[in-house]
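[1] I'd like to go over a predicted model; first the sequence, then the structure.
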Amino acid sequence: DTAVSQTPKYLVTQMGNDKSIKCEQNLGHDTMYWYKQDSKKFLKIMFSYNNKELIINETVPNRFSPKSPDKAHLNLHINSLELGDSAVYFCASSQAERKLFFGSGTQLSVL
Amino acid sequence: GESVGLHLPTLSVQEGDNSIINCAYSNSASDYFIWYKQESGKGPQFIIDIRSNMDKRQGQRVTVLLNKTVKHLSLQIAATQPGDSAVYFCAENMVGAGNMLTFGGGTRLMVKP
């Protein structure tokens, strides 16, 4: 069983479209995250949710809207996609020990 | 050999040699540090962690060293194998920052057979 799973693995879309990435964790963790990894491999936190509540919201355009229907799921919806949104997006989860468990990533390409 | 993991430099080592990957962290208030390994097409995987009340921690073939005086972290991999080829990231967590990890820039390790 995959601990943190995100779909789709690859997402190719046109500028201006709206798309969603889904994430689920079966670890029973309370906290989930979205990280963005750019072409230089730099990983940056975007959002963090604890028990369905937003606790971290870094400087991210409001075109990005996370939604957590329950503590095992954290989805990321992106409106009006731009070229600069092209990156790999990672979902992660953690419990009290601060060690993050990552999904395998969604490679988003905006054309 | 060794390398500073801030601008995705590449460290190339011979199979069987020891590798040292270095990381300079930014915040003296950080009290927890962690190393991740990211293979091509995969998400980062936990390798080893260390709290600020320690200066060394050993795992299986890996050792993490922490020097709080100069805010420096290193990952040593003994008897490097081809399967160790990946990008390695250090990350820090500050007291009061919840579980949020701030990542360094990564170092690519290439193992020559």
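    Looks like it arrived, so ask away.
[2] Who's the closest spatial neighbour of the closest residue to chain B within chain A, skipping the chain neighbours?
    Nearest residue of chain A to chain B: A:Phe102, at 3.5 Å (Cβ to the nearest Cβ). (Glycine included, C-beta is placed from N, CA and C.) Closest residue to A:Phe102 apart from its sequence neighbours, by Cβ to Cβ, 6 or more residues apart in numbering or on different chains: B:Gly43 at 3.5 Å.
[3] ok, how many other residues are close to that neighbour?
    B:Gly43: 21 surrounding residues under other Cβ atoms under 10 Å in any protein chain shown.
[4] Report the separation between it and A:Gln107.
    B:Gly43 sits 12 Å away from A:Gln107, taking Cβ to Cβ, to the nearest Å as the criterion.
[5] One more: A:Ser80?
    Separation of A:Ser80 from A:Gln107 (Cβ to Cβ) stands at 20 Å.
[6] Looking at the two, which is more packed in?
    Comparing A:Ser80 with A:Gln107 by other Cβ under 10 Å, the one with more neighbours is A:Gln107, at 16 against 11.
[7] these two touch, right, the more buried one and A:Val88?
    Yes - counting by Cβ atoms under 8 Å, A:Gln107 does reach A:Val88; the two are 5.0 Å apart.
[8] Next, the buried residues of stretch B:72-90.
    Within stretch B:72-90, the residues that count as buried by 16 or more other Cβ atoms under 10 Å in any protein chain shown are B:73-77, B:80, B:84-90.
[9] circling back to that earlier point, shouldn't the residue of chain A closest to chain B be in contact with A:Ser5?
    No - between A:Phe102 and A:Ser5 there is no contact under Cβ under 8 Å: 10.8 Å.
[10] neighbour-wise, which of those two wins?
    A:Phe102 (23 against 14).
[11] Model confidence score at that one, please.
    For A:Phe102, the pLDDT comes out at 97.
[12] got the contact list for it?
    By Cβ atoms under 8 Å, 6 or more residues apart in numbering or on different chains, the contact set of A:Phe102 is A:4, A:35, A:90-92, B:36, B:43-45.
[13] are any of those residues buried, and which?
    Neighbour-count burial (16+ other Cβ under 10 Å) applied to these gives A:4, A:35, A:90-92, B:36, B:43-44.
[14] In strands, which of the residues you listed fall?
    The strands, defined by DSSP state E, take in A:4, A:35, A:90-92, B:36 from those.
[15] Great, nothing more from me.
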